[in-house]
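Novice: When you get a sec, could you give me coordinates for this:
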Amino acid sequence: MGGMRWLLIGLAALGTGGAQPQPLRDAGRGAPEAVVLRVSGPIGPATADFISRGLHKAVERRASLVVLQVDTPGGLDSSSRQIIKEILASPVPIAAWVAPGGARAASAGAYIVYASHVAAMAPGTNLGAATPIQIGGLPGTRPEPSRPVPDEEAGEEKRKEKAAGADAMTRKLVNDSAAYLRALAQMRGRNADWADRAVREGASLSATEAEAGRVIDFIAADLATLLEAAHGRKVRMGDGAERAVDSHGAHAVDIAPDWRTRLLAVITDPTIAYLLLLLGIYGIYFEFTTPGFGVPGVAGAISLLLGMFALQMLPVNYAGAALMVLGFILLVAEALVPSFGALGVGGIAAFVIGSVMLIDTDAPGFGIPMGLIVAVAFVNAAFVALVARFALKARRRPVVSGAEEMIGVTGEVLEAAGGEGWMAVHGERWRFRSAVPLDKTQRVRVTGRDGLVLQVEPDRPPGAAGGTPEPGNG
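Specialist: So this is what the prediction gives:
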């Protein structure tokens, strides 16, 4: 009975050993806790995952404030909207802080700052340039200006240029983004007019200008200043209730990305996702062409699945993906059915065009480098050239198997009865027919084949003038 008790205690300890419970703030004593999440670089799926997990950990730790330190050139619209949804639904107040000095919150970063309950900037930082990057449009199109251009300021040609540049899709995209940022500004009581200009004109502000224009709440040079300045501010939470920020003397706790977020950040990099896709495709191809080894197939399948998982989280142009698949099919067809380069050249062209079109955004940090695409094109070209060279070499070789290979082969008569009998060829016993009588041990040459019967004639030694050689001559 005692042994069973200790066994149950041990199992309970094992079950809770991996959980590593976080210390919770005692509401009755101790300083409040402020969770710090640092966001640096382009905003993508990994950033959204990191912030979402960080906010949930802040709730578990009963933190009184979450500080979102931002330094980003922008990122994907889908990821930034996911982050904003998490911010608006958070039961813990969130202070967005553009820091350290020299940092920026451009494009998607500006939306995140506007959505936060408290907005602050460090000296020497800037905010704005929230014009959405056009996706899937033609180069050269521009967003519609925020104000009409009077006739006296622009001639007929400029008005035509304006009408041609601001196409319907661009206007829809800009109007939607402007309305979104204005709604966030109105929710937080910030400057909605400047929010409209940030989207339509790509306006940007320094920290001092942002504070003067009611775009942010205050300037904070360091984290301690931020916590003290945020303390006591009334903010409206997602449920509509007002709440005072409790951050006086708060203990700051940094939460770093875990292994899952770091792995997601690596594989959702478009360059890495593209390479994983290529490794997967070629690994599976080599496994099918050279079966039995196993490693290329296993590694290729894992890489292909990881690449597809990453691409489904990125803005992918499906026409580009289809062109890449077509290019690969043409390259495989070139290897299996050599066309002396025709299929291969078409496959390379489709692969390159599909690679350029694959990632459907111009957001910073989310493009496939052109140098990588060119390098892959050269590798494919070398592959096609190698296949074509092997095909030409094989075409010039003599036939070494099949019925055609028997033509011209010499052998020795084993048994003969007039023009028929048995002969030895390549160590095998074959039945033969001849137009002339043959003798045993005589050398003969195969001239044709009828099923399992060979047509032969006497083998004439080199330089012979003609006639039937004597029996036994080779």
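Novice: only C-alpha atoms for contact and neighbour calcs from this point on.
Specialist: Will do.
Novice: Give me the pLDDT for Gly472.
Specialist: Confidence at Gly472, expressed as pLDDT, is 41.
Novice: check contacts around Ala120.
Specialist: Ala95, Ala96, Trp97, Val98, Ile216, Asp217, Phe218, Ile219, Ala220, Leu226 (C-alpha atoms under 8 Å, 6 or more residues apart in numbering).
Novice: Now, of these, which are buried?
Specialist: Among the contacts of Ala120, the ones that count as buried by 16 or more other C-alpha atoms under 10 Å are Ala95, Ala96, Trp97, Val98, Ile216, Asp217, Phe218, Ile219, Ala220, Leu226.
Novice: Run through the bridge partners of the fourth one.
Specialist: Spelled out, it's Val98. Counting by DSSP bridges, Val98 is bridged to Val70, Met121.
Novice: Does it touch Val118 like I think?
Specialist: No. Shown here, Val98 and Val118 do not form a contact pair, counting by C-alpha atoms under 8 Å, at 11.4 Å.
Novice: Domain boundaries for the chain, per the record?
Specialist: For the chain, automatic domain parsing gives the domain ranges 30-153+161-260, 268-313, 315-397, 403-458.
Novice: Would you mind listing where this protein has pLDDT under the threshold?
Specialist: 1-30, 133-167, 291-293, 335, 338-341, 362, 364-365, 387-388, 390-405, 461-474 (pLDDT under 70).
Novice: Now distance to Ala178 and secondary structure too, for the buried ones among the contacts of Ala120, in CSV please.
Specialist: What follows is these, written out as CSV (distance: C-alpha to C-alpha, whole Å; DSSP: H, G, I helix; E, B strand; the rest coil):
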residue, distance to Ala178, secondary structure
Ala95, 22, strand
Ala96, 20, strand
Trp97, 22, strand
Val98, 21, strand
Ile216, 18, coil
Asp217, 21, coil
Phe218, 24, strand
Ile219, 25, strand
Ala220, 28, coil
Leu226, 29, helix
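Novice: From those, pick the one nearest Gln186.
Specialist: For the buried ones among the contacts of Ala120, the residue nearest Gln186 by C-alpha to C-alpha is Ile216; the value is 12.8 Å.
Novice: Looks like that closest one contacts Ala122 (just checking).
Specialist: No. In this structure, Ile216 is not within contact of Ala122 by C-alpha under 8 Å, at 10.9 Å.
Novice: What does the closest residue to Ala130 other than its chain neighbours show for phi and psi?
Specialist: Nearest non-adjacent residue to Ala130, counting by C-alpha to C-alpha, 6 or more residues apart in numbering: Ser107, 3.8 Å away. Main-chain torsions, Ser107, degrees, to the nearest 10: phi 50, psi -110.
Novice: can you pull the contacts of Ser107?
Specialist: Pro73, Gly74, Gly75, Gly128, Ala129, Ala130, Thr131, Pro132.
Novice: I figured the fourth one hits Tyr114, correct?
Specialist: No. Under the contact definition of C-alpha under 8 Å, Gly128 does not touch Tyr114, with a separation of 10.2 Å.
Novice: Helices of the stretch 51-200 of the chain, residue ranges please.
Specialist: Chain-ordered helices for the stretch 51-200 of the chain, with DSSP state H, counting those that start in this stretch as the definition, fall at 77-89, 108-115, 156-165, 168-188, 192-200.
Novice: Relative to Ala34, which of the ones you listed is closest?
Specialist: Once these are compared by C-alpha to C-alpha, helix 77-89 is nearest, at 15.5 Å.
Novice: could you list every residue that touches the residue most central in space within the chain?
Specialist: Closest residue to the average C-alpha location of the chain: Ala273 at 2.7 Å, with C-alpha atoms, centre = their mean. Applying C-alpha under 8 Å, 6+ apart to Ala273 gives the contacts Ile267, Leu306, Gly307, Met308, Ala310, Leu311.
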